[in-house]
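# One predicted model, sequence on top.
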Amino acid sequence: MNAPNAPAGLIGLVSATAAGRRARDRLAAAWPGAVRVYGTGTGTVREAVTRAFTECDRLVCFLATGATVRLIAPLLGGKADDPGVVCVDEAQRYAVALLGGHAGGANDLAHAVAEVLPGCRPVVTTATDAAGVPGLDTLGLPVEGAVAAVSRAVLDGEPVRLVRHRALPLPALPPNVTDATDNTTGSDEPGAGGSADSGYALLVTDRTVRPGDRTAVLRPPTLAVGVGASRGAPTEEVTALIERSLADAGLSPRSVSELATVEAKADEEGLVEAARRLGVPLRTYSAEELAVVPVPHPSDAPLAAVGTPSVAEAAALLACGEGAELVVPKRKSAPGGRPAMATCAVARRRLRGRLAVVGLGPGARDLLTPRARDELRRASVVVGLDQYVDQIRDLLRPGTRVLESGLGAEEERARTAVAEARAGHAVALIGSGDAGVYAMASPALAEASADIDVVGVPGVTAALAAAALLGAPLGHDHVSISLSDLHTPWEMIERRVRAAAESDLVVTFYNPRSRGRDWQLPKALALLAGHRPPHTPAGVVRNASRPGERATVTTLGALDPATVDMMTVVTVGNTATRTVAGRMVTPRGYRWQETR
């Protein structure tokens with residue numbers, strides 16, 4: 001099993017005992033290049049902890065929590081500056097997030113440490129994590145205002161209004177957080193965000209607001225600032241222009257995701273420094289890309305200088321993509337006493353909903369991938385077949401809206417998931433195995449256009465789960481064929497089976513037999529039997545990785561179709577497949593087989 005990736009940033013490892021050093025070395029081996037080891041051979045434990053605390057982004061101490069508390073207490077500065085600290089006990093039973101759960105990344109680090117050390121469990125006491133509620137400071141967005149008060153209200157079950165001036169695919173929030181969104185309002189009055197006398201509120205906006213003591217504000221990354229500059233434009237002139245343009249339009253600089261300009265200005269010091277001060281990247285486009293963007297205020301000056309009639313407006317619009325809105329037209333700086341050396345414009349991107357198509361694997365919880373778990377926790381809406389929803393219902397955050405339906409409604413589920421994403425939600429559309437193999441990805445992507453973000457999350461397929469139980473039947477070229485003629489004419493299925501038989505491919509049959517469809521599997525086996533001998537190994541697996549799991553290795557000639565149903569996967573080997581110690585084995589190559 002591969003170790004999980006190390007959390008971002010430099011991780012310091014401090015140990016004082018032989019057991020601690022062994023665990024430390026295991027982490028160092030799992031995360032090469034991401035850690036720095038602080039030994040005690042040339043100094044005290046206190047000195048090692050002090051160096052690691054001041055030099056690293058996160059810190060793992062293989063020490064008792066009490067000892068670690070005493071060692072780091074004199075070093076504490078503030079929540080925004082201190083590294084995350086995790087303690088691991090002598091027996092490596094627990095990885096305790098001690099300091100900086102969210103801000104310092106200790107909670108994530110505790111989980112990562114526990115995945116590397118066998119038998120270790122993460123201990124996280126941060127209230128939102130313990131309650132399964134997303135912390136406002138963990139959403140990857142700037143957040144301001146009464147963050148602690150609103151977070152406490154969410155946890156305590158107090159009524160909290162969610163007001164989104166801009167659609168944003170947030171994870172699920174508990175039922176006491178009710179959506180009071182009015183996307184038509186752009187008011188910057190306190191009431192738009194929930195003043196102190198109107199209860200608690202969570203406001204999602206890129207506008208400047210005056211939040212009361214019961215309002216937290218999330219800043220979505222909706223704005224891009226396009227900038228143009230003459231050679232040698234002073235940084236102060238550029239930054240003053242940007243700040244004034246945003247302030248006059250009532251827009252928050254914390255929602256600016258990037259500065260954008262023409263490639264010819266990529267090394268312009270005033271622009272580079274302005275981006276650094278804003279804490280955003282400087283993105284550049286070629287003059288040819290900018291020249292084709294329709295803008296309200298083209299000019300001959302930039303056309304002559306850099307080859308495009310617009311830099312500021314065109315760059316802002318291009319950075320925001322399809323559906324962008326120009327909210328601040330081109331403005332010039334006003335340095336006083338000399339010609340303006342900078343221009344800027346501001347565009348707003350249309351935030352898109354998010355659709356994650358998630359494969360749940362064959363059924364066993366330990367075959368559900370970590371990425372699939374993360375997507376389920378990230379979603380505010382989950383769409384799926386009722387029996388698949390039941391498999392993962394306990395993993396969903398409180399407040400997740402579940403839209404489930406029965407068998408035979410695949411297209412309807414796909415349309416529902418896409419519609420929810422288009423409405424600005426974070427949606428997980430779930431299916432068994434891998435969502436792209438005889439599952440929900442195909443109908444969903446056929447419905448989805450470019451107006452939403454789509455993420456595919458791979459899963460362990462039924463064929464792979466069955467193969468693992470049978471041995472190694474898929475060691476060479478293989479094919480999966482569904483025998484269901486509900487959506488595919490039998491004539492087409494028969495052609496594919498015949499081609500697989502003639503090509504000597506290992507074949508895995510999905511949907512092999514049902515009560516009303518009992519002749520297709522015998523027909524398919526007969527087609528294979530025309531090109532491979534009766535003693536060819538074959539496997540029958542029912543309920544792979546689920547309760548009632550049963551795997552049988554037999555032969556093509558002895559396989560009884562009556563033992564097969566819709567919960568079964570059938571795998572038939574090729575002419576090189578052998579049975580070894582009761583297991584199916586297909587060699588990696590025919591030449592390899594011949595030389596053994």
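Right, received. Where do you want to start? Residues are numbered from 1 along each chain as shown.

# quick one: G307 from R70, how far?
Computed as Cβ to Cβ, to the nearest Å, the G307 to R70 distance reads 64 Å. Where you see a C-beta, it was placed from the backbone N, CA and C, and this is true even at glycine.

# How about the residue most central in space within the chain, nearest residue that isn't a chain neighbour?
Nearest residue to the geometric centre of the chain (Cα atoms, centre = their mean): E375, 5.9 Å. Spatially, and ignoring its direct neighbours in sequence, E375 is nearest to A356 (4.3 Å; Cβ to Cβ, 6 or more residues apart in numbering).

# which SS state does the one you found fall under?
Classification of A356 using DSSP: H, G, I helix; E, B strand; the rest coil returns strand.

# is it in a bridge, and if so with what?
A356 has the following beta-bridge partners by DSSP bridges: A428, V455.

# which intervals of this structure have sub-threshold pLDDT?
Applying pLDDT under 70 to the chain flags residues 1-6, 40-42, 181-198, 337, 590-596.

# One more pass at 80, please.
1-8, 39-43, 80, 128-132, 167, 181-198, 335-338, 408, 589-596 (pLDDT under 80).

# From start to finish, how long is stretch 280-296 in a straight line?
26 Å (Cα to Cα, to the nearest Å).

# which of the residues in it are buried?
280, 282-285, 287, 290-291, 293, 295 (16 or more other Cβ atoms under 10 Å).

# next one: stretch 20-36
20-21, 23-24, 26-28, 30-31, 34-36.

# now stretch 302-316
In stretch 302-316, counting by 16+ other Cβ under 10 Å, buried: 302, 305-306, 308-316.

# could you dump stretch 18-31 to PDB, C-alpha only?
Provided in PDB are the C-alpha atoms of stretch 18-31 (Å, rounded to 0.1, in the frame of the first residue of the first chain):
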ATOM      1  CA  ALA A  18      14.700   4.200  20.100                       C
ATOM      2  CA  ALA A  19      11.000   3.600  19.400                       C
ATOM      3  CA  GLY A  20      10.500   7.200  18.400                       C
ATOM      4  CA  ARG A  21      13.500   7.100  16.100                       C
ATOM      5  CA  ARG A  22      12.100   4.000  14.400                       C
ATOM      6  CA  ALA A  23       8.700   5.700  13.800                       C
ATOM      7  CA  ARG A  24      10.500   8.900  12.700                       C
ATOM      8  CA  ASP A  25      12.500   7.000  10.200                       C
ATOM      9  CA  ARG A  26       9.300   5.300   8.800                       C
ATOM     10  CA  LEU A  27       7.800   8.800   8.200                       C
ATOM     11  CA  ALA A  28      11.000  10.000   6.600                       C
ATOM     12  CA  ALA A  29      11.000   7.100   4.200                       C
ATOM     13  CA  ALA A  30       7.400   7.600   3.300                       C
ATOM     14  CA  TRP A  31       7.800  11.300   2.700                       C
END
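
# from memory the residue nearest to the centre of the chain sits against V457, does it?
Yes: using Cβ atoms under 8 Å, E375 makes contact with V457 at a distance of 5.3 Å.

# shared neighbours of those two, anything?
Common contact partners of E375 and V457 (Cβ atoms under 8 Å, 6 or more residues apart in numbering): 356, 358.

# how about JSON lines for the buried residues of stretch 20-36, with secondary structure and distance to N543 added?
Shown next, in JSON lines, are the buried residues of stretch 20-36 (DSSP: H, G, I helix; E, B strand; the rest coil; distance: Cβ to Cβ, whole Å):
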{"residue": "G20", "secondary structure": "helix", "distance to N543": "44"}
{"residue": "R21", "secondary structure": "helix", "distance to N543": "45"}
{"residue": "A23", "secondary structure": "helix", "distance to N543": "38"}
{"residue": "R24", "secondary structure": "helix", "distance to N543": "42"}
{"residue": "R26", "secondary structure": "helix", "distance to N543": "36"}
{"residue": "L27", "secondary structure": "helix", "distance to N543": "38"}
{"residue": "A28", "secondary structure": "helix", "distance to N543": "41"}
{"residue": "A30", "secondary structure": "helix", "distance to N543": "34"}
{"residue": "W31", "secondary structure": "coil", "distance to N543": "38"}
{"residue": "A34", "secondary structure": "coil", "distance to N543": "40"}
{"residue": "V35", "secondary structure": "strand", "distance to N543": "42"}
{"residue": "R36", "secondary structure": "strand", "distance to N543": "48"}
